[in-house]
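Chemist: Below are the sequence and a predicted model; questions follow.
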Number of protein chains: 2
Amino acid sequence: MQLKVQPIDIKVGKYKVILNTIDAKELGVNEGDRVRIKNHETLTAIVDFTEDMISPGMIGLYHEVKEAMQREWTETIEVFPAERPRSTYIIKKVMDGNKLTQEEVEILVKDIVEENLSEIELAAFLTSTYINDMTDDETEWLTRSMIDTGDKLEFDSQIIMDKHSIGGVPGNKISLLIVPIVAANGLIIPKTSSRAITGAGGTADLMEILAPVEFDADEIKKMTEEVGGVLVWGGATNIAPADDKLIKVEYPLSIDPHCQMLASIMAKKGAIGATHVVMDIPTGPGTKIKNVQEGRKLARDLINLGDRLGMDVDCALTYGASPVGRTIGPALEVIEALKVLENFDGPNSLIEKSASLAGMLLEMGGVAMKNQGYDLAIETLKNGKALEKFKQIIEVQGGNPNVTHKDISVGEFNKDIIAPTNGYILELDNKRLVQIARLAGAPNDKGAGLVLHKKQGEPIKEGEKILTIYAEKEAKMDTAFQSANTRPPFIAEGMLLERIQSFKEI
Amino acid sequence: MQLKVQPIDIKVGKYKVILNTIDAKELGVNEGDRVRIKNHETLTAIVDFTEDMISPGMIGLYHEVKEAMQREWTETIEVFPAERPRSTYIIKKVMDGNKLTQEEVEILVKDIVEENLSEIELAAFLTSTYINDMTDDETEWLTRSMIDTGDKLEFDSQIIMDKHSIGGVPGNKISLLIVPIVAANGLIIPKTSSRAITGAGGTADLMEILAPVEFDADEIKKMTEEVGGVLVWGGATNIAPADDKLIKVEYPLSIDPHCQMLASIMAKKGAIGATHVVMDIPTGPGTKIKNVQEGRKLARDLINLGDRLGMDVDCALTYGASPVGRTIGPALEVIEALKVLENFDGPNSLIEKSASLAGMLLEMGGVAMKNQGYDLAIETLKNGKALEKFKQIIEVQGGNPNVTHKDISVGEFNKDIIAPTNGYILELDNKRLVQIARLAGAPNDKGAGLVLHKKQGEPIKEGEKILTIYAEKEAKMDTAFQSANTRPPFIAEGMLLERIQSFKEI
């Protein structure tokens, strides 16, 4: 069918066209079917319908199709009904509980990366793997396909270190310490990190305060070769791009299918050429991993998958029920990390966790003897070598190496949350802490966040500050403050958990 | 956040807005999250992102949001992050294999009807119920909710008849005979039908040749009260609207979850107030129901669900491996049905099936004694009463009651497919027959389709016509003819199934 082109300058993240219902019927296609565009043998697009937006005889081309056709732009194009991509049948197989072959997994991942699948099809795939986990074989193939469909880093060195935190614990700024410690000891650690999606600040959000974090694979390689380590945003690279596309569909469903989580983590490690990886698995209420049993299961699965991919993986179950350190939110966390690097001045929970995990990497990388990694890590912090390395990393990424913690500015508005009674902090609520930090503006407002003056187990006196909220904007300050007072992110001994009145006053 | 309104005149079938990434981050929402629009307490919209299409400070409102705001249109609007609808948590529950309460099913169906769920969320729900079927309780609640969220017909009569075919068998024009037979005997049968989605012609596509088929619930009621029966398109009504919205997501996934299929069928029967229903379950290779066991299971489930809803359901497993009658495609099927009504002239398979199912309805409705329904149905065809009633139905729907089969025009192009050898027709391939009819233009080109001169088991002589393809357009004629010759829709005794050559010539 010959149709007149009408460009629609909307990005839909897919190859999509829109047909008048009359033409679509004539062509014999339904919504969600594909059409092939002549002279574009490889360009098939998903069909949307309209009854009035596009006139009969016209075809609306969304941005991506228009872009793809740019070189051979014509006023009219010929379209044909096209077969569904083979991936749709592969997804049906997953829905039916059948196992895939390696070739099928590869075809599927390729179509995911090339945006050949609709959101409906991706959601069906992810829901199916959420309900029926993939086998170890399938998960390995999935990981390998994710690696192979993106950019890879290849270093001359035989040993490449990496570190990953499963997430779910606020204030986890440890990469800012671990990467310089490891690189300062002569190991190579090209660390890609994420930005916060539901959290108050990912490592990339933090590092961005000190230096640019958006680089492509070549630049990452070059910088790493120069100073031994980097701290960059993985989302700016084309490393394991399938993962980002899956996350966009997982997010609205609030799911993270086990096989996808494994593949997502390990593909990023595999693509940067990691040979030795430490996994931080925060465990406990309020984290992704509810208890030690679950943590051990995940650790085994990660080690097993690493083994299949030729990677040494060591896992650390860490205490996740409370935040790491005493700050939450980009600028506040950077200040806390810099203080440790500059003066070995900081909360025990931050220094201990960072040194322990860095120590594991130092031992795995062969620069520390067994059981001496932790000591070497502490030593590297104390003697200033970690700070020196961090400055090199900041500089190579284009930041100011002379920055100190005093240069980092926090939000100009702040308010304290006060102890309602004498007693102890029995519990901190991770999820509520993150919510309040986000209401205050984190991670988008870098200066927004929380400082915890009291942590779990610490004594409090009535009227004492428990935490301070920082915000860049007064309205957000008020919203966060009000939320924190209405539903506090902690339980103090002696606090009423609930008050039940015979007559509720409004 | 205060944003300047930019209308986007695209219908997306949902309440959707589009924000610049910068504003979205400031607002703290991710893609797929919801925002609430102030002064529109009940209007929440799903968020899309753009980096360039909408400038910071602006908000793009897709057609549906714009429409909803029409009365209180303002240049700028205030938006807030909104909670996800409760349905998203209910869907998560289904994904986790947990059972729903009646209230949860009701909330979910309401949100489906009101377009509050994204395609991703709907796909997750349908995939979950495809993998883990709903319980009988859940299926009943689903059906009731589908009925209650749409228009209902309420008749004075205590007995309302209905009939449904599960589908999958081509040429199944039986409703055109059954409805007039049943109505001619004084029973009430307000039949809503579908158009073909993947088939060559649904009952609504056929009936449309004779009279308009698009009416709302009130009109259907009025016409039925006048002449006892109608043959209308269900898609034009607001009867069980949830079903259409689910089918839009099921179609691209090629799934029809068991519980959804049951609810879909029975909700439409329940909404028109049916008390007695006959189900036609075509069984055999090439149909939806592969074998008798599966057919019996479906029959039991339909009868059970009918029981819960207070409906008498009788099921007939019918022979589905071959087409019903000798025609496929709207006009050709209408001609075949009219010939039976006019002169009792037609293929045995069509007359037998129609009279059997109509007979069941006549017995259930109490106008024929047990085992005498079939005879009464045949009698009603022979004595012209069915034709007379059909003319009344055509007339009440606004068609020409004096139409005869000679007035129906078929495609001006036709070509024969010739027997390649002497022997017998061993098999007809339903799916291929439908494909060829669709290539010829059916159901959109009403005059396109197939006439089968030979059916399964019939002797053929080399050079004899096996089938004739009709088309309205020459190009479609050629495509269909070529396809039928390349891959014939039948197997004749003596035909080579495959020819393997040592050197393939191209």
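Modeler: Done, it's in.

Chemist: what does the stretch 101-250 of chain A put close to chain B?
Modeler: A:118-124, A:126-128, A:130-132, A:197-198, A:248-249 (C-beta under 8 Å from any C-beta of the partner chain). From N, CA and C alone the C-beta is placed, and that goes for glycine too.

Chemist: ok, 10 Å please
Modeler: Contact residues, the stretch 101-250 of chain A versus chain B (C-beta under 10 Å from any C-beta of the partner chain): A:117-128, A:130-132, A:195, A:197-198, A:248-250.

Chemist: Quick check: PyMOL command selecting the buried ones in the residues you listed.
Modeler: Of those, the buried ones can be selected in PyMOL as follows, counting by 16 or more other C-beta atoms under 10 Å in any protein chain shown:
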select buried, chain A and resi 117+118+119+120+121+122+123+124+125+126+127+128+130+131+132+195+248+249+250
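
Chemist: Paired strands for the worst-scoring helix or strand of chain A on mean pLDDT, with orientation please.
Modeler: When each helix and strand of chain A is scored by mean pLDDT, DSSP states H and E, strand A:40-50 comes last, with a mean of 82. Sheet pairing here is set by DSSP bridges, and for strand A:40-50 it gives strand A:16-20 (parallel), strand A:34-37 (antiparallel).

Chemist: Which residues does the shortest one contact?
Modeler: Taking C-beta atoms under 10 Å, 6 or more residues apart in numbering or on different chains as the criterion, the residues outside strand A:34-37 that touch it are A:1, A:3, A:5, A:15, A:17, A:19, A:24, A:27, A:29, A:42-47, A:59, A:61, A:65, A:68-69, A:72, A:77-85, A:88, A:116, A:118, B:252.

Chemist: wait, doesn't A:Ala386 sit right on A:Ala358?
Modeler: Yes - if you go by C-beta atoms under 10 Å, A:Ala386 and A:Ala358 touch, sitting 8.6 Å apart.

Chemist: for chain A, which spans come out with low pLDDT?
Modeler: Within chain A, the stretches with pLDDT under 70 are A:39-42, A:71-72, A:494-506.

Chemist: and A:Ala316, what does it touch?
Modeler: Contacts of A:Ala316 by C-beta under 10 Å, 6+ apart are A:163, A:165, A:278-283, A:295, A:299, A:353, A:356-357, A:360.

Chemist: Nearest the middle, which residue of chain A would you pick?
Modeler: A:Ser194 (3.9 Å; C-alpha atoms, centre = their mean).

Chemist: Need the nearest residue in space to that one, chain neighbours excluded.
Modeler: Closest residue to A:Ser194 apart from its sequence neighbours, by C-beta to C-beta, 6 or more residues apart in numbering or on different chains: A:Gly202 at 4.6 Å.

Chemist: what do you get for A:Glu336?
Modeler: Distances taken as C-beta to C-beta, 6+ apart put A:Thr327 closest to A:Glu336, at 4.5 Å, once the chain neighbours are dropped.

Chemist: Dihedrals phi and psi, that neighbour?
Modeler: For A:Thr327, the backbone dihedrals are phi -130, psi 150 (criterion: degrees, to the nearest 10).

Chemist: can you pull the contacts of it?
Modeler: Counting by C-beta under 10 Å, 6+ apart, A:Thr327 has contacts A:170-171, A:173, A:200-201, A:333-337, A:339, A:346-347, A:350, A:410, A:437, A:449-452, A:468, A:470.

Chemist: Just the ones of the residues you listed in strands?
Modeler: Of the contacts of A:Thr327, the ones assigned to strands by DSSP state E are A:Gly449, A:Leu450, A:Val451, A:Leu452, A:Thr468, A:Tyr470.

Chemist: returning to what we had before: list the residues that contact both of A:Ala386 and A:Ala358?
Modeler: Residues touching both A:Ala386 and A:Ala358 (C-beta under 10 Å, 6+ apart): A:Leu177, A:Ile178, A:Val179, A:Pro180, A:Ile181, A:Val182, A:Ala184, A:Asn185, A:Ala377, A:Ile378, A:Thr380.

Chemist: Sketch out the helices for the stretch 251-400 of chain A, chain order is fine.
Modeler: A:258-271, A:292-309, A:330-343, A:348-364, A:373-382, A:385-396 (DSSP state H, counting those that start in this stretch).

Chemist: if we can go back for a sec, between the shared contacts of A:Ala386 and A:Ala358, which is nearest chain B?
Modeler: For these, the minimum distance to chain B (C-beta to the nearest C-beta) is 25.5 Å, reached by A:Val179.

Chemist: Now whatever residue of the stretch 151-300 of chain A ends up closest to chain B. Nearest residue, chain neighbours left out?
Modeler: Using C-beta to the nearest C-beta, the closest approach of the stretch 151-300 of chain A to chain B is made by A:Pro252 at 3.2 Å. In this structure, A:Pro252 finds its nearest non-sequential neighbour in B:Gly32, 3.2 Å apart by C-beta to C-beta, 6+ apart.

Chemist: The one you found and B:Lys16: what is the separation?
Modeler: 10 Å (C-beta to C-beta, to the nearest Å).

Chemist: Return every residue with contacts to both of those two.
Modeler: Taking C-beta under 10 Å, 6+ apart as the criterion, B:Gly32 and B:Lys16 both touch B:Ile46, B:Val47, B:Asp48, B:Ser118.

Chemist: Let me have those in JSON lines, adding distance to B:Lys93 as columns.
Modeler: Below are these laid out as JSON lines (distance: C-beta to C-beta, whole Å):
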{"residue": "B:Ile46", "distance to B:Lys93": "21"}
{"residue": "B:Val47", "distance to B:Lys93": "24"}
{"residue": "B:Asp48", "distance to B:Lys93": "26"}
{"residue": "B:Ser118", "distance to B:Lys93": "17"}
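
Chemist: from the residues you listed, which single one is nearest chain A?
Modeler: For these, the nearest to chain A is B:Ser118 (6.3 Å; C-beta to the nearest C-beta).

Chemist: Need the phi and psi values for that closest one.
Modeler: Main-chain dihedrals, B:Ser118, degrees, to the nearest 10: phi -80, psi 170.

Chemist: wait, what's in contact with it?
Modeler: By C-beta under 10 Å, 6+ apart, the contact set of B:Ser118 is A:119-120, A:123, A:249, A:252-253, B:14, B:16, B:31-32, B:34, B:46, B:88, B:124.
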